[in-house]
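1. Just to be clear, the model below is a prediction. Sequence and coordinates:
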Amino acid sequence: MQVEITQEYLDTLSKSIANADEAVVFAYVKELHPADIAEILHELNLKESRYIYDLLDEQTATDVLLELEEDVREKFLASFSSKEIAEQLIDNMDSDDAADVISELPDKVQGEVLQQMEDREQASDIVDLMNYDEHSAGGIMGKELIRVHVNSTALECVREIRSQAENVENIFTIYVVDDDEKLVGLLSLKKLIISPTRSTISEIYDPKVISVKTNTDAEEVANIMDKYDLVVVPVVDGLSRLVGRITIDDVVDVRREEETEDVQKMAGMEALEDSYSSTSVLGMLKKRAGWLVILFLGESLTATAMSFFENEISKAVILALFIPLIISSGGNTGSQASTLVIRALALGEVSVREWWSIFRKEIRVGLVLGLILGVIGFLRVAIWAQFVDVYGPHWMAIASTVGISLVGVVLWGNTIGSLFPLILKRLGLDPAVSSAPFVATLVDITGLLIYFSVASFMLTGILL
């Protein structure tokens, strides 16, 4: 059931909570999806949220907790005792979700929760997961999976599935291991069902299996799953032993986090650690002020570049009218190219090794774009000159200067915008930092040099 969460809906719900009318409150939320309940809790205060939460059954409550934003969940968990977290929440979670939740708790509380857990094997699994880098395959994998020995029978495999079904939420596939717990292949449920029960796994399993190592970057895991259309991928350690699996829902979370971080970096700022609404004014200033100062200092070089052409500007003030037009065209083009290449790198569509192919392609694209804008710029001056006398008798020379400059600046901006991310990637830096503001700043400075150089050549003896 879906519901539109309006202010009227929230006001009515808050009033029912204030009146301690459990029946009415429960009727409001009992049919809702955990994600919708979490959205409601985001809009209510902590006391109201806890009131609703305590009315839910254990599994729904756990699912709602996982749907909460990290910063909201952190405050919410603070209202629980260590024993309540261990017995009411963690015991109902998959190991990867449990590890994420526990890692958000203060160090002291983490230890208390782990000690309160009744399932010592699950506690051990959680500790193992918390030791991995959170941005690695080991950090996002879950321990719950179905494994079977290569020499067992199909019937034994079915029995193993039945015994583990309660612990494994989604059984996508069965993993086949040898005596050393090394991953040797996989077995689909379809193959298992249609095979005779006396068949040995060695006769029916598929040895072709795509896996990732525990230290594989989480973003690379997402790329691998995208490339091979996988809904789940096994994780092995340095000795090729099966240690866990990553499901598609974990990868969706990774994609969202990486894309959010890239978008923020491309805006010319540091990535926020928490959500926008949970970031304080001071935290926002820390993330944005430094980069704005750097960009400001970079743009100040524009004034320095213009000072070299002070004599030309004083002789032909008309040239100053087109400065915003020229540098914005180059900056916009460079920003477009930069964004396209950064996204292509993130999706694995291109690599640094293909720089020459990218360079040749963007040279052609930049030249055509420059010609398009150059012609428009030329016509803009030429047509305007027929109605007003602002350009004087030498409007043709001025129009030609603007047109040629636009071709050069747009071509240059497109080239810089496409190659700068590749250079950063080659240096081991995040291409996202070659954001639109940085490329635009660089192109602004160089664009002025191109513009006034063309003007000096075209207008010498006429206006200069």
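-> Arrived safely. Numbers count the residues shown, from 1 in each chain.
2. Show me the strands in the stretch 101-250 of the chain, by range?
-> 147-149, 174-177, 183-187, 212-213, 232-236, 242-247 (DSSP state E, counting those that start in this stretch).
3. Those strands into JSON lines, with extra columns for distance to Tyr51, mean neighbour count and mean pLDDT?
-> C-beta coordinates here come from the backbone N, C-alpha and C atoms, glycine included. JSON lines is the format used below for the strands of the stretch 101-250 of the chain (distance: least, C-beta to C-beta, whole Å; neighbours: other C-beta atoms under 10 Å; pLDDT from 0 to 100):
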{"stretch": "strand 147-149", "distance to Tyr51": "43", "mean neighbour count": "19", "mean pLDDT": "91"}
{"stretch": "strand 174-177", "distance to Tyr51": "43", "mean neighbour count": "22", "mean pLDDT": "93"}
{"stretch": "strand 183-187", "distance to Tyr51": "46", "mean neighbour count": "20", "mean pLDDT": "94"}
{"stretch": "strand 212-213", "distance to Tyr51": "43", "mean neighbour count": "18", "mean pLDDT": "96"}
{"stretch": "strand 232-236", "distance to Tyr51": "37", "mean neighbour count": "24", "mean pLDDT": "94"}
{"stretch": "strand 242-247", "distance to Tyr51": "33", "mean neighbour count": "24", "mean pLDDT": "92"}
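4. which one of those lies closest to Leu13?
-> Among the strands of the stretch 101-250 of the chain, strand 242-247 comes nearest to Leu13, with 33.2 Å by C-beta to C-beta.
5. distance between that closest one and the chain's centre?
-> The chain centre lies 22 Å from the centre of strand 242-247; the measure is C-alpha atoms, centre = their mean, to the nearest Å.
6. Remind me what that strand packs against, helices and strands.
-> helix 137-140, strand 174-177, strand 232-236 (3 or more C-beta pairs under 8 Å, 6 or more residues apart in numbering; DSSP states H and E).
7. For the first one, C-alpha coordinates in PDB please.
-> When you say that, I think you mean helix 137-140. Presented in PDB, the C-alpha positions along helix 137-140 are these (Å, rounded to 0.1, in the frame of the first residue of the first chain):
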ATOM      1  CA  ALA A 137      33.800  -5.600  -1.500                       C
ATOM      2  CA  GLY A 138      34.400  -7.000   1.900                       C
ATOM      3  CA  GLY A 139      32.800  -4.000   3.500                       C
ATOM      4  CA  ILE A 140      29.500  -4.400   1.600                       C
END
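8. other SSEs contacting it?
-> Helix 137-140 packs on helix 218-227, strand 242-247, helix 248-266, going by 3+ C-beta pairs under 8 Å, 6+ apart.
9. Tell me the pLDDT of the nearest residue to Ile248 once chain neighbours are set aside.
-> Excluding the flanking residues, the one nearest Ile248 by C-beta to C-beta, 6 or more residues apart in numbering is Val231, at 4.6 Å. Looking at Val231, its pLDDT stands at 89.
10. Test my guess that Val231 contacts Phe172.
-> Yes. The pair Val231 / Phe172 is scored as a contact, 5.7 Å apart, by C-beta atoms under 8 Å.
11. any shared contact partners between the two?
-> Thr247 (C-beta atoms under 8 Å, 6 or more residues apart in numbering).
12. among the strands of the stretch 101-250 of the chain, which is nearest Glu4?
-> strand 242-247 (30.3 Å).
13. Alpha carbons only: can I get that closest one in CSV?
-> Taking Å, rounded to 0.1, in the frame of the first residue of the first chain, the C-alpha atoms of strand 242-247 are listed here in CSV:
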residue,chain,number,x,y,z
LEU,A,242,34.4,-18.2,-0.4
VAL,A,243,33.7,-15.7,2.3
GLY,A,244,30.5,-13.9,1.3
ARG,A,245,28.3,-12.5,-1.5
ILE,A,246,27.1,-9.1,-2.7
THR,A,247,23.5,-8.6,-3.8
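14. Please list the outside residues in contact with that strand.
-> Against strand 242-247 from outside (C-beta under 8 Å, 6+ apart): 95-96, 129, 137-138, 140-145, 147, 170, 172, 175, 177, 181-183, 212, 214, 221, 225, 231-237.
15. got the angle for that strand vs strand 232-236?
-> For strand 242-247 against strand 232-236, the angle by axes from the mean of the first three to the mean of the last three C-alpha atoms, to 10 degrees is 150 degrees.
16. ok so, going back, what's the closest of the helices and strands packed on helix 137-140 to Glu84?
-> Among these, helix 248-266 sits nearest to Glu84 (C-beta to C-beta), with 25.4 Å.
17. Packing partners of the closest one?
-> helix 137-140, helix 218-227, helix 323-346.
18. mind giving me the domain split of the protein?
-> 7-134, 147-256, 281-459 (automatic domain parsing).
19. Select from these the stretch with the lowest mean pLDDT.
-> Looking at the domains of the chain, the bottom one is domain 281-459 with a mean of 81.
20. quick one: that domain to chain centroid distance?
-> When C-alpha coordinates are averaged (C-alpha atoms, centre = their mean), domain 281-459 and its chain have centres 28 Å apart.
21. For the stretch 51-200 of the chain, which segments are assigned as helices?
-> 58-67, 70-77, 82-84, 95-103, 107-116, 120-130, 137-140, 154-164, 189-194 (DSSP state H, counting those that start in this stretch).
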